[in-house]
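S.K.: just to be clear, the model below is a prediction. Sequence and coordinates:
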2 protein chains.
Amino acid sequence: MTEVLEKDLACFHGTLAAAEKYAHAAAVLSYDQETICPEKAMEEQGEVGAMLQTEAFRLIKGEAFISALKNLHGHTDELDEFDAAAVEKHYRSFEKTANITPEMNHEFALVYNRAFVNWLEAKNKADFSVFAPSLKEVRDIEIRKVGLRDSRMDNIYDNLLDDYEKGMTTGILDETFSRCAARLRPLLKKIMSGGKEIRTDFLSRPVSDAQQAEMARYLMEVLKYDFSRGAFTTTEHPFTSKLGRNDIRITTHYHADSFASSMYSIIHESGHALFEMLSPSENDDHHLDGKTMGQHESVSRFYENRIGRSEAFIHLIYPKTCEIFPQVMHDVSEREFYEAMNLVTPSLIRTEADEFTYTFHIIIRYEIEKLILSGEAAIEDLPRIWNDKYEEYLGIRPENDREGVLQDTHWTFGFGYFPTYALGNMYNAMYFHRMEKDLDIDALVRAGDFDAVNGWMKENVFKKADRLDPGAWLREITGKEFAPDDFLDYLEEKYSALYGL
Amino acid sequence: MTEVLEKDLACFHGTLAAAEKYAHAAAVLSYDQETICPEKAMEEQGEVGAMLQTEAFRLIKGEAFISALKNLHGHTDELDEFDAAAVEKHYRSFEKTANITPEMNHEFALVYNRAFVNWLEAKNKADFSVFAPSLKEVRDIEIRKVGLRDSRMDNIYDNLLDDYEKGMTTGILDETFSRCAARLRPLLKKIMSGGKEIRTDFLSRPVSDAQQAEMARYLMEVLKYDFSRGAFTTTEHPFTSKLGRNDIRITTHYHADSFASSMYSIIHESGHALFEMLSPSENDDHHLDGKTMGQHESVSRFYENRIGRSEAFIHLIYPKTCEIFPQVMHDVSEREFYEAMNLVTPSLIRTEADEFTYTFHIIIRYEIEKLILSGEAAIEDLPRIWNDKYEEYLGIRPENDREGVLQDTHWTFGFGYFPTYALGNMYNAMYFHRMEKDLDIDALVRAGDFDAVNGWMKENVFKKADRLDPGAWLREITGKEFAPDDFLDYLEEKYSALYGL
């Protein structure tokens, strides 16, 4: 490597290390806002967080850094594979933000923060009009941001999709979701009219917070979550947050009359956390944090659905569930427990949806985001549009905005995130096939051998996720191009069997 | 005001507002470390916090700020009372840190952070040797910092005492504590040998965390803590933290076999919080946050002891205590509850000590800090010295370092803090006399009228605390010079009556 290149690499690493400190601080503040920050302090703390994000942004907008980045980008073949990938990813975001000044970035951060605060209030009041002005601001900023890019795709939404999921377009998604709808809608009708009785009476039997906390800890231990590198608390909307290389925290929520809700949110978030905890430490050393949301959701949903709702996993946790929730489980068989954890039922809340109907929740959001960004839907009309689509796809209608258009936090920071949830299911269906060839998954899960399961994931799924774009990453694991068919086959097979169709 | 002065004032306000944002972020990180941050992330997060503190420090070390500060300091008569006081306080800390560079400050911050991490480990292991090297570093830094001051007192400890409690010296404290010891030691002997039986059997009856949380909330509501401007969680060592002007949080701890411990830590910390919540909002506007630790402890101990352990307060909370802790209180009378909350008994842990023996815990720490800073005591010998002094003053001896020299966190960030705890008791005994003349405290507390109690405190005690040094502040409230006599009279009277001496 030339002396100049070495200097540039040192500048690249040094600047990113400094920027990461600000980002780390901003992440702690954001975590605090989500978990414990008092109501009247939210806005002030949001302003402090915006200041920190701006400082981080200012560092990577410095002339020295940009010059180093450009030079490195012209010589990635002389860099090791981690540095090359990091340079590639940072160069891409540099291109996307080349015309955004730190001042603009600060302005945007304040808008997102205000949107979050207003959304929270709107949701509490179940009143969309409290959030609408902020949502307009967010929409306008997203459109403005895309307009500022030198090189951009024609369709605004395509640009935003690409931010969350490199290479994803409305073209691919239209095709994917229409295939999903074509196969899942008739199947859903059959399931609903098939007459199969699944016991649900015990699902709402009351459990205490203390019991749920014990269950959460048990599940995290089963999955081998590393408590010395993480923390665990409760929030209304569960999430995983990587604050630092040794700080990957998850949250859950407890509902007294829905013990399964917290269980599966724990498994889901633990999946996200395992992905970060078991990624190569070289990534952190090289400032390479390049997972897409689709990759992330594929892992969380792998643990939540493919593993967590399997007969093998239910067999594994059934005895402990009986022990922790005796008042719930005293008259419930393992088979009844399995069936209830896989109950298909159209519902209003995405995060509580079953594995089968989940994709409809995403299709609805995808269609609405397209309408918002094309200008075909006015913000004021969203509650009605939302409710109509729920009626169309799932045959049910929200009674208020809290259980409708206000349920998710995502629109406080942009558009294009939701499709990644559905893509995650499709990705993991593809690599599950590979895994089945290598391992006797059923036997390992029955035995609780998560060292083996996580080990396979680490070696095959986690290792190159930060380095490769989703398409290349899927090819590397499975040898195939992205398609929803494995996922649809899996649903068809599993639910036909369960519902005796 | 001249144009130059106006410009300087704008620079003064602007710089402090910017520095406060970094300090705010650092406070959130520190709060996170105390409450939830995972073990393996502590050091990294500490480094981020140190970076933020250094940035805040760098801002107030800037040439423009210092020049503005110096000019303003020469013209305080032309400023309003808030600006004048803020300039005075910031000028003082400027003088104290004039020769400390941002780099040195960063180095110090890292040492304190490391000391905290090591202290935590040492305490968990009950092994002082894990903490000793860090404690030496802290001691050396404290001595070095004093040495860097242009204008300083001869005695190193005097310099550090002055940092926490403006105007306090070893001369005053030697005199104060010797008067305390002279009056309290014979009284303690009488109490211990007097034969008065106080019921204690119910104090260790088990209570659940949920019950204690309910009690905590009740007490905070009684005292009129504003939940919209604060938050409440649990930590091993309870504390209050002002993160922002609308963000004043408190913590407590739950011991299953000691329900009173959490109750009185809640009352104590709520006192700290009320002091901040009810201070003039003009202070925040003018970047005037100048309360000393002694002033702060006077308020927290006013609520904890003068109010919280009074017959009137016990009368107020007795019914609710019976309701929340039925298994504890079913056979306990109001009088028995009152007596138990005022039990005098020599004990090892400062934070659990009763109001009477508390001062001995401080005298012990004061004497040891003097020995450390004069070089008369080697760090290695501290566990033995500590234990010997507990035997000398209280007739008991710790069995290990966790319940001895490692119990408090304070030495991870310096020396000179502890005496402020004892001074607080003495300050509030002085202003309690004034309050008695204005209000029928007993009747108000019995009626739970904390709007009236807090209102008096706000008007008389809180209002000028940030503006005046403790001596001037006490004179303004009471018309008298500082002396421990009111406090000693109060103890003698109360405990003679309680123990029938």
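M.R.: Alright, I've got the coordinates. These figures come from a predicted structure and were not determined experimentally. Numbering: from 1, shown residues only, chains lettered A, B, ... in the order given.

S.K.: mind listing what's buried along stretch A:224-234?
M.R.: By neighbour count on 16 or more other Cβ atoms under 10 Å in any protein chain shown, the buried set for stretch A:224-234 is A:224-225, A:229-232. All C-beta atoms are positioned from the backbone trio N, CA, C, and that covers glycine.

S.K.: those residues: which ones sit near chain B?
M.R.: The overlap between those and the neighbourhood of chain B (criterion: Cβ under 8 Å from any Cβ of the partner chain) consists of A:229-231.

S.K.: if we can go back for a sec, tell me which of the buried residues of stretch A:224-234 fall in strands.
M.R.: Under the assignment DSSP state E, the buried residues of stretch A:224-234 contribute residue A:232 to strands.

S.K.: what would the buried residues of stretch A:224-234 look like in a markdown table with pLDDT?
M.R.: Written out in a markdown table, the entries for these read as follows (pLDDT from 0 to 100):
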| residue | pLDDT |
| --- | --- |
| A:224 | 98 |
| A:225 | 98 |
| A:229 | 97 |
| A:230 | 97 |
| A:231 | 95 |
| A:232 | 94 |
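
S.K.: can you tell me which two in the buried residues of stretch A:224-234 are farthest apart?
M.R.: The most widely separated members of the buried residues of stretch A:224-234 are A:224 and A:231, with 16.2 Å between them, by Cβ to Cβ.

S.K.: closest to residue A:455 among the buried residues of stretch A:224-234?
M.R.: The closest of these, once distances to residue A:455 are taken by Cβ to Cβ, is residue A:224, at 10.0 Å.

S.K.: dump the strand or helix carrying residue A:267 to PDB, restricted to CA.
M.R.: Element membership of residue A:267 [criterion: DSSP states H and E] is helix A:259-277. Once side chains and other backbone atoms are set aside, the C-alpha atoms of helix A:259-277 remain, and they are given as PDB (Å, rounded to 0.1, in the frame of the first residue of the first chain):
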ATOM      1  CA  PHE A 259     -48.500 -13.900  27.900                       C
ATOM      2  CA  ALA A 260     -47.500 -15.100  24.400                       C
ATOM      3  CA  SER A 261     -47.100 -11.500  23.100                       C
ATOM      4  CA  SER A 262     -44.100 -10.900  25.400                       C
ATOM      5  CA  MET A 263     -42.700 -14.300  24.800                       C
ATOM      6  CA  TYR A 264     -42.500 -13.900  21.000                       C
ATOM      7  CA  SER A 265     -41.300 -10.300  21.200                       C
ATOM      8  CA  ILE A 266     -38.400 -11.600  23.400                       C
ATOM      9  CA  ILE A 267     -37.500 -14.300  20.900                       C
ATOM     10  CA  HIS A 268     -37.700 -11.800  18.000                       C
ATOM     11  CA  GLU A 269     -35.600  -9.200  19.600                       C
ATOM     12  CA  SER A 270     -33.100 -11.800  20.900                       C
ATOM     13  CA  GLY A 271     -32.700 -12.800  17.200                       C
ATOM     14  CA  HIS A 272     -31.700  -9.200  16.300                       C
ATOM     15  CA  ALA A 273     -29.400  -9.100  19.300                       C
ATOM     16  CA  LEU A 274     -27.700 -12.500  18.400                       C
ATOM     17  CA  PHE A 275     -27.100 -11.200  14.900                       C
ATOM     18  CA  GLU A 276     -25.100  -8.300  16.400                       C
ATOM     19  CA  MET A 277     -23.500 -10.200  19.200                       C
END
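
S.K.: so for the next helix or strand after it, what's the average pLDDT?
M.R.: Proceeding C-terminally, helix A:259-277 gives way to helix A:281-285 as the next helix or strand, assigned by DSSP H and E. Per-residue pLDDT over helix A:281-285 has a mean of 95.

S.K.: for helix A:281-285, packing partners?
M.R.: helix A:81-97 (3 or more Cβ pairs under 8 Å, 6 or more residues apart in numbering or on different chains; DSSP states H and E).

S.K.: only alpha carbons, please: show the following helix or strand past the helix it packs on as PDB.
M.R.: The C-terminal neighbour of helix A:81-97 among helices and strands, as given by DSSP H and E, is helix A:102-125. Listed next in PDB are the C-alpha coordinates belonging to helix A:102-125 (Å, rounded to 0.1, in the frame of the first residue of the first chain):
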ATOM      1  CA  PRO A 102     -24.600  19.600   8.600                       C
ATOM      2  CA  GLU A 103     -27.100  22.500   9.200                       C
ATOM      3  CA  MET A 104     -29.700  20.700   7.000                       C
ATOM      4  CA  ASN A 105     -29.000  17.500   8.700                       C
ATOM      5  CA  HIS A 106     -29.600  19.200  12.100                       C
ATOM      6  CA  GLU A 107     -32.800  20.600  10.800                       C
ATOM      7  CA  PHE A 108     -33.900  17.100   9.700                       C
ATOM      8  CA  ALA A 109     -33.000  15.600  13.000                       C
ATOM      9  CA  LEU A 110     -35.100  18.200  14.800                       C
ATOM     10  CA  VAL A 111     -38.100  17.400  12.500                       C
ATOM     11  CA  TYR A 112     -37.800  13.600  13.200                       C
ATOM     12  CA  ASN A 113     -37.600  14.300  16.900                       C
ATOM     13  CA  ARG A 114     -40.600  16.500  16.900                       C
ATOM     14  CA  ALA A 115     -42.400  13.900  14.900                       C
ATOM     15  CA  PHE A 116     -41.600  11.300  17.400                       C
ATOM     16  CA  VAL A 117     -42.900  13.400  20.300                       C
ATOM     17  CA  ASN A 118     -46.100  14.300  18.400                       C
ATOM     18  CA  TRP A 119     -46.700  10.800  17.300                       C
ATOM     19  CA  LEU A 120     -46.400   9.600  20.900                       C
ATOM     20  CA  GLU A 121     -49.000  12.200  22.000                       C
ATOM     21  CA  ALA A 122     -51.200  11.400  19.000                       C
ATOM     22  CA  LYS A 123     -51.100   7.700  19.800                       C
ATOM     23  CA  ASN A 124     -51.900   8.300  23.400                       C
ATOM     24  CA  LYS A 125     -54.900  10.400  22.400                       C
END
